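Enquirer: Return atomic coordinates for the entry below.
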Amino acid sequence: MQIGIIGTGMVGSSIAFALATAGVAEKVILIDYNKERAEAEAMDISHATPFSSGATVIAGDYPDLKETGLVIITAGANQKPGETRLDLLSKNVSIFKSIIPEITQYAPHAILLIATNPVDIMTEVALKLSGFPKNRVFGTGTVLDSSRFRSSLGYHLDISPTSVHANVIGEHGDSEVLLWSGAVAGTTPIEQIAAQIGVILSDTIKSNVDNDVRNAAYAIIKGKGSTYFGIAAAALHIVSAITGNSHMILTVSSHHDTAIGGHKNICYSMPSIVSKNGIEKALIPVMNEQERLALEQSAETLAEYTKKALDML
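Expert: Okay, the predicted model is just below:
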């Protein structure tokens, strides 16, 4: 598949490197308002492809998207230390107003994968600006947050995080919801496997894990300025589900017509079946009452800021 990436900052270039070297794209087209940056990134990444997949990586412009089946949008203002993802809203709505019409003109049948923060709200903005069907516009959502949850649990339990199945839903942000009630290692609930292997999983430890997952981005941004490796791996995972038509269940962010806590027509993450058509179906996970209420609160936050974003269009 030919894939376009809009924005060649650290996130966009890391995603491009991941796609090009993993062999999930035949051709990767990098587009950025800074054409010199896009050309340099394309050149650098292309020098790595002889060691891996041999994918073609070029810098281009919007007309070059004519044959693309997937466009990944990473363009936007960077989150600075002390800023929340929601603080980026007005800057990134303005950027989307300039780039989405270009994409829809030249790639009217492509899937749009949004990685720009605040990703849930920017996914809804992209949906409105593009006029595409909702199955073809979705965000990276909490795929990365779910990976952080699994990584933290694997570390605490001293088992491979690949054997941990635990999801984060709702906002990709401060109100995200960790689904402890459905977390398993192998086929065993987390609490039961902790007891079997003699590891304490107290409320205090759960709170620490929650804090580590919820605030991971802030810690990384404080230490090195931005996050990019984790989201690149998450994007690769999502793209692989699309190009491989695997019907993988991923916690991507998509538009929900039905209400949660009285809030509807917003984007947030739920486990969803992803294929070559985009989102086949969003699923409702098993939740306890506390998790359900937390999801309603997350939806309330997203509804408030989504309205503000749409008022800017």
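Enquirer: Which residues belonging to the longest helix along the chain are considered buried?
Expert: Counting residues, the longest helix in the chain under DSSP state H turns out to be helix 289-311. Counting neighbours by 16 or more other CB atoms under 10 Å, one finds that the buried residues in helix 289-311 are 291, 294-299, 301-303, 305-306, 309. (C-beta placed from N, C-alpha, C; glycine too.)
Enquirer: For Ala25, what is the enclosing helix or strand?
Expert: Ala25 is part of no helix or strand, with elements assigned from DSSP states H and E.
Enquirer: from here on, count from 49
Expert: All set: I'll call the first residue 49, so the last point we hit is now Ala73.
Enquirer: burial measure for it, as a count.
Expert: Close neighbours of Ala73, defined as other CB atoms under 10 Å, add up to 27.
Enquirer: Identify, from the buried residues of helix 337-359, the entry nearest to Ile245.
Expert: Ranked by distance to Ile245 (CB to CB), the buried residues of helix 337-359 are led by Glu339 at 24.9 Å.
Enquirer: For Ala70, see how far away the closest one is.
Expert: When distances are taken as CB to CB, to the nearest Å, Glu339 and Ala70 turn out to be 33 Å apart.
Enquirer: Repeat that for His213.
Expert: Here the criterion is CB to CB. By it, His213 lies 22 Å from Ala70.
Enquirer: just Asp206 next, same as before
Expert: 29 Å.
Enquirer: With Pro129 instead?
Expert: 31 Å.
Enquirer: which of those two has more neighbours?
Expert: Applying other CB under 10 Å to Pro129 and Ala70 shows that Ala70 carries more neighbours, namely 17 against 9.
Enquirer: follow-up on the earlier one: so what secondary structure elements neighbour the longest helix of the chain?
Expert: Contact analysis of helix 337-359 by 3 or more CB pairs under 8 Å, 6 or more residues apart in numbering; DSSP states H and E lists helix 137-154, helix 167-178, strand 225-226, strand 314-317 as its packing neighbours.
Enquirer: one more time with 6 Å
Expert: Helix 337-359 is packed against helix 167-178, strand 225-226, strand 314-317, with contacts defined by 3 or more CB pairs under 6 Å, 6 or more residues apart in numbering; DSSP states H and E.
Enquirer: all helices in this structure, in order from the N-terminus.
Expert: Chain-ordered helices for the chain, with DSSP H as the definition, fall at 58-70, 83-94, 137-154, 167-178, 191-205, 238-245, 251-262, 264-272, 277-291, 337-359.
Enquirer: Just put those in TSV and tack on mean pLDDT.
Expert: What follows is the helices of the chain, written out as TSV (pLDDT from 0 to 100):
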stretch	mean pLDDT
helix 58-70	97
helix 83-94	98
helix 137-154	96
helix 167-178	98
helix 191-205	97
helix 238-245	95
helix 251-262	96
helix 264-272	94
helix 277-291	98
helix 337-359	96
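Enquirer: which one of the ones you listed is the most hemmed in?
Expert: Most buried of these, by mean neighbour count (mean count of other CB atoms under 10 Å): helix 167-178, with a mean of 26.
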